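K.L.:
fold the stuff below for me.
(3 chains)
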Amino acid sequence: MPELPEVEVLRRDLLARMPKPSRIRAIRFLSPKLRTPLKMPKALVGKTLLVRDIERRSKFLIFNIEGGVFISHLGMSGYWRAEKVRSEIKHDHVIIEWENGDLWVYNDPRRFGVFEFYPDLSKAKWFSHLGPEPFSDEFLASQVVDKIRRSERAIKSIIMDAKVMVGVGNIYASEALFKAGINPFKTGKRVSSERISRLLFAIRETLAKAIKGGGSSIRDYVHVGGEKGQFQNEHLVYGRSGEMCTLCSSKIQSKKIQGRSTFWCRNCQS
DNA sequence: AGTAGGACCTGGCCGC
DNA sequence: TGCGGCCAGGTCCTAC
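P.N.:
Model prediction:
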């Protein structure tokens, strides 16, 4: 489910549904662990938690509360749903109980997700090495271009590396490279600065359009109310191997790069 | 140091 | 209908 657009759509959705006053009565864990153990810090047990805001960094949601933050990552298969009455669904792991009775439930079959508390966000290992956000000014700075131009890896792997930039996952990497006309196998070293700069704008545009489209729903749904995103219908190459390229009508190719399926047009991307 | 590959999980789909 | 194999929106850790 989650690359930057899906997490951002989720964040806005949750924020809009957050009860007022935004007080959590309790958080319950139904499983011992996701990717990491699920445990409530002793200091918070039995306390009412006032939520100030919900932010996003990289593919993480950040619930800012008095005295710290809860962070949520959806892994590959996680989703949050909001409900008034608890419906028990296999692989429910976390329940946020609001004071007004609303429930936010985290479900994640593969349990690659994360839900953790930190008194101080800077203590989270997940955040220590992250590159810039695609919508920040820093994203277009020369540092990113330099990092790419020094690398021998395939350009697709580079833009999916959170140390270089955050938010780009397997779907949007293929989509953005198509938009920029760059072959995903080409090493960073062999892409000119000019074309890298074109790529950075293509990444921004791709992610922005995906957010507008409500994200991509490939197999699990994204939205808190259960509706699917719509952007999967606008994918130009991802998941379209063997179909015709929308620009030149040649066949979309598919091959693995570092174990991840990659889609591109042989004719339009060089 | 930079890079590739394995590990973590469950479920759905395809072919035999 | 059953079973093996392969695939899936991510990221850390390990070994070359």
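
K.L.:
tell me what the strand or helix carrying A:D146 is packed against?
P.N.:
Under the criterion DSSP states H and E, the helix or strand holding A:D146 is helix A:142-149. Helix A:142-149 sits against helix A:155-159, helix A:193-212, with contacts defined as 3 or more CB pairs under 8 Å, 6 or more residues apart in numbering; DSSP states H and E. The C-beta positions use only the backbone N, C-alpha and C, and glycine is treated the same way.

K.L.:
tell me which of those sits nearest to A:L74.
P.N.:
helix A:193-212 (15.3 Å; CB to CB).

K.L.:
strand partners (parallel or antiparallel) of the following helix or strand past the closest one?
P.N.:
For helix A:193-212, the succeeding helix or strand toward the C-terminus, using DSSP H and E, is strand A:252-257. Its sheet considered, strand A:252-257 pairs with strand A:260-265 (antiparallel) by DSSP bridges.

K.L.:
ok, and what's touching the strand it pairs with?
P.N.:
Residues outside strand A:260-265 that contact it (CB atoms under 8 Å, 6 or more residues apart in numbering): A:156, A:160, A:170, A:173-174, A:177-178, A:183-184, A:237-241, A:245, A:247-248, A:250, A:252-256.

K.L.:
can you say which of those residues are buried?
P.N.:
A:156, A:160, A:170, A:173-174, A:177-178, A:183-184, A:237-238, A:240, A:245, A:252-254 (16 or more other CB atoms under 10 Å).

K.L.:
what secondary structure does A:A16 sit in?
P.N.:
Look at A:A16: counting by DSSP: H, G, I helix; E, B strand; the rest coil, its state is helix.

K.L.:
what number of residues lie near it?
P.N.:
By the criterion of other CB atoms under 10 Å, A:A16 has 8 neighbours.

K.L.:
and the buried ones among the contacts of strand A:260-265, which two are furthest apart?
P.N.:
Put simply, by CB to CB the two of the buried ones among the contacts of strand A:260-265 set farthest apart are A:M160 and A:C245, 22.3 Å from each other.
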